[in-house]
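pasting the structure only:
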């Protein structure tokens, strides 16, 4: 479906991505991981068509992304941005409805209400429907924005840190929903920071390191203590817990135990054990 | 975790249509009533029922009393009605242009003046007055002002484009630069002008509907009609633009095309208004805000409601301008600024309280 071939991106002479090769097929959930500044968001922009590669190519269904018309592309791929801003006080349900914009004046416009309602039910934001979007909390905004992406009903879904602002229940819910989309035959790409979460939900994990794709495969093959430790420059333990993979960073800078008990100063943040 | 049962029958809250219905009905009735009242007020007073009678009889309906004053009928048709019609058109154009502008900039403080329409029009009008250009007779000032407004807007737009894209901040800053140049030109014209021309320029800038003829209203009508129709067609896309440029592009909006279309529409609407009425500020800023408070930010309702509200506001403002002081026609731009300025300040304070201000 989506094919990235030897794509490189430079910004002001600094390489952000270097000869990245990536293929995405229908029905898979791919997690994009890597340390800060590794190029995850840049790669996602490339997949979304926001950015054209300086060399190499990105094609969707065999056609270069730059050659797609805005509207046609919007009917094929949806993007969840990292930040959720809105200029005016539209209600949450209005925001989700904006996801239906590509289907205006098509036969599918008739499904708008059903699709919007089910997207909001699945992300548990129906209760927020009438609230003004700018007054929602960060996590609520993220879920409403995710509902908007689901409502767009596209075969390709790109999620930039969908779980960043969410509590663990909603993290789980969002990724379970992403999983469900993949089961329905959509291709889903998600930038994820928590490696254990990525391992739990993704079919494939792609590891970016300094603009290069250094690993691409099933979680069990990719997430080894050696690779993760090297990429993140931080030692980790990879554990197996009830048949699942858990990545735990080793704590290098443990809080030093005071040599003798010190009376904490009033109002200070000293830890008391 | 068990996934919540997902049903397609999940229901959305009903849209609150009542507020919108009440607002539209209120504005519509207000506009009709104020038209009858405003047309009757002035040095020669005609009661509203006689105004209604005069209109009905002209339409071939034998309804209501005719004006009792011997000059009543003539005054209504040759002086009052054209002025009322132009006030309605100018008010609708300015307020709709404001709603468009705020939608395109995603900023509730944007005003048509930002892209230089008013200053450009004023400069062109000043040139005509100072050099006594009479190419088109009484039409010279309006036509030059219209073209001046359009050209300035286009200049701002083209200068702020880079690599096929326009960034909002760049556009605003370019607007400031071009406005400064046009203001300098205007200052030069004031310097060159003799006393009489200087007075004429100053009064033109203050804004007034004094001396309106039917022909002016008829000339403004097509521009205002086209501008409003275009704004309504653009409404749904403007909603999505609130998501920001990138996200709007992701749902299939050709952001650059929408922005260009909207700016052209703003220029046409504002230039049509300014060229016949001079500079009338704050209508485009204040009216969309008030409407948004009542029915929310959706442009499909905001644009038409703003147009109605602007028409009503300007009708009232013009009534005040010509009746507040006997035998004097106050500048209408002065009145709208007098009310609009404090309102704008209140708006800033209110936003600071509720949302921590605009960054």
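Okay, I see it. Keep in mind it's a predicted model, so treat the numbers as computed, not measured.

Can you tell me which helix or strand of chain B has the lowest average pLDDT?
Within chain B, no helix or strand scores below strand B:165-166, which has a mean of 69 by mean pLDDT, DSSP states H and E.

Can you read off the pLDDT for the residue nearest to residue B:167 when sequence neighbours are not counted?
Excluding its sequence neighbours, the residue lying closest to residue B:167 (Cβ to Cβ, 6 or more residues apart in numbering or on different chains) is residue B:160, at 7.5 Å. For the C-beta atoms, the positions are set from N, CA and C on the backbone; glycine is no exception. Here the pLDDT value assigned to residue B:160 is 83.

circling back: so which elements touch the helix or strand following the least confident helix or strand of chain B?
Using DSSP states H and E, the helix or strand that follows strand B:165-166 towards the C-terminus is helix B:168-192. Other elements packing on helix B:168-192 under the criterion 3 or more Cβ pairs under 8 Å, 6 or more residues apart in numbering or on different chains; DSSP states H and E are helix B:81-105, helix B:117-130, helix B:140-159, helix B:195-206.

just checking, what packs against the first one?
Looking back up the chat, that one is helix B:81-105. helix B:17-40, helix B:168-192, helix B:214-241, helix B:255-277, helix B:283-295, helix B:299-323.

picking that back up, since we're on the residue nearest to residue B:167, how many residues are nearby?
Neighbour count for residue B:160, taken as other Cβ atoms under 10 Å in any protein chain shown: 21.

Enumerate every residue touching it.
B:166, B:167, B:170, B:171, B:173, B:174, B:175 (Cβ atoms under 8 Å, 6 or more residues apart in numbering or on different chains).

Report the lowest-confidence entry in these.
pLDDT across the contacts of residue B:160 is lowest for residue B:166, at 70.

And the pLDDT for the closest residue to residue B:285 other than its chain neighbours?
Closest residue in space to residue B:285, ignoring its immediate chain neighbours: residue B:111 at 4.9 Å, by Cβ to Cβ, 6+ apart. Per-residue pLDDT puts residue B:111 at 80.

Show me where chain A has its strands.
Assigned by DSSP state E, the strands in chain A fall at A:2-11, A:14-24, A:29-33, A:55-60, A:63-64, A:77-80, A:156-160, A:187-191, A:204-209, A:212-217, A:236-241, A:244-249.

Nearest to chain B among those strands would be which one?
Proximity to chain B, assessed across the strands of chain A by Cβ to the nearest Cβ, is greatest for strand A:77-80 (4.4 Å).

Pull the distance from that closest one to the chain's centre.
10 Å (Cα atoms, centre = their mean, to the nearest Å).

Neighbouring strands of that strand in the sheet, and parallel or not?
Strand pairing for strand A:77-80, determined by DSSP bridges: strand A:156-160 (parallel).

can you pull out the helices in chain A?
For chain A, the helices defined by DSSP state H occupy A:40-48, A:70-74, A:92-98, A:112-122, A:138-151, A:168-183, A:195-201, A:219-222, A:225-232.

With respect to chain B, which of these lies nearest?
Set against chain B and scored by Cβ to the nearest Cβ, the helices of chain A come closest in helix A:70-74, at 2.9 Å.

Rebuild the helices and strands packed on helix B:168-192 as JSON lines, extending it with mean neighbour count.
JSON lines is the format used below for those (neighbours: other Cβ atoms under 10 Å in any protein chain shown):
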{"stretch": "helix B:81-105", "mean neighbour count": "28"}
{"stretch": "helix B:117-130", "mean neighbour count": "27"}
{"stretch": "helix B:140-159", "mean neighbour count": "22"}
{"stretch": "helix B:195-206", "mean neighbour count": "16"}
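
Residue A:155 is nearest to which of those?
Nearest of the helices and strands packed on helix B:168-192 to residue A:155, taken as Cβ to Cβ: helix B:81-105 at 31.0 Å.

Just give me how far the closest one sits from the chain centre.
3 Å.

average pLDDT for it?
Across helix B:81-105, pLDDT averages out at 94.

So what angle separates the directions of it and helix B:283-295?
Per axes from the mean of the first three to the mean of the last three Cα atoms, to 10 degrees, the angle that helix B:81-105 makes with helix B:283-295 is 70 degrees.

Once you drop chain neighbours, what's closest to the residue of the stretch 151-300 of chain B found nearest chain A?
When scored by Cβ to the nearest Cβ, the stretch 151-300 of chain B has residue B:252 as its residue closest to chain A, at 2.9 Å. Nearest non-adjacent residue to residue B:252, counting by Cβ to Cβ, 6+ apart: residue A:74, 2.9 Å away.

Quick check, the one you found in contact with residue B:250.
Yes: between residue A:74 and residue B:250 there is a contact at 6.4 Å, judged by Cβ atoms under 8 Å.

if we can go back for a sec, dump the helices and strands packed on helix B:168-192 into CSV; add distance to residue A:247 as well.
Output for those, formatted as CSV (distance: least, Cβ to Cβ, whole Å):
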stretch, distance to residue A:247
helix B:81-105, 45
helix B:117-130, 59
helix B:140-159, 52
helix B:195-206, 69
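
wait, which of these is closest to residue A:99?
helix B:81-105 (18.9 Å).

In TSV, list the strands of chain A along with mean neighbour count.
Below are those laid out as TSV (neighbours: other Cβ under 10 Å):
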stretch	mean neighbour count
strand A:2-11	18
strand A:14-24	17
strand A:29-33	26
strand A:55-60	17
strand A:63-64	12
strand A:77-80	26
strand A:156-160	24
strand A:187-191	25
strand A:204-209	23
strand A:212-217	17
strand A:236-241	13
strand A:244-249	15
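
Please name the residues that touch the residue nearest to residue B:252.
Residues near residue A:74 by Cβ under 8 Å, 6+ apart: A:101, A:102, A:152, A:154, B:250, B:251, B:252.

Out of these, who's the most crowded?
residue B:250 leads the contacts of residue A:74 on contacts (other Cβ under 10 Å) with 30 neighbours.

pLDDT wise, what is the closest residue to that residue other than its chain neighbours at?
Once flanking residues are discounted, residue B:250 sits nearest to residue A:79: 4.4 Å by Cβ to Cβ, 6+ apart. At residue A:79, the pLDDT value in this model is 96.

right, and residue A:79 touches residue A:162 too?
No: using Cβ under 8 Å, residue A:79 is not in contact with residue A:162; the gap is 10.9 Å.

how many other residues sit next to residue A:138?
Neighbour count of residue A:138, defined by other Cβ under 10 Å: 11.

likewise the one 3 residues further on?
Here the number of neighbours of residue A:141 (other Cβ under 10 Å) works out to 22.

Point out where the chain drops to low pLDDT.
I went with chain A, as the question did not name one. A:253-273 (pLDDT under 70).

that answer is for a different chain, and I need it for chain B
For chain B, the ranges with pLDDT under 70 are B:1-11, B:13-16, B:163-165, B:351-359.
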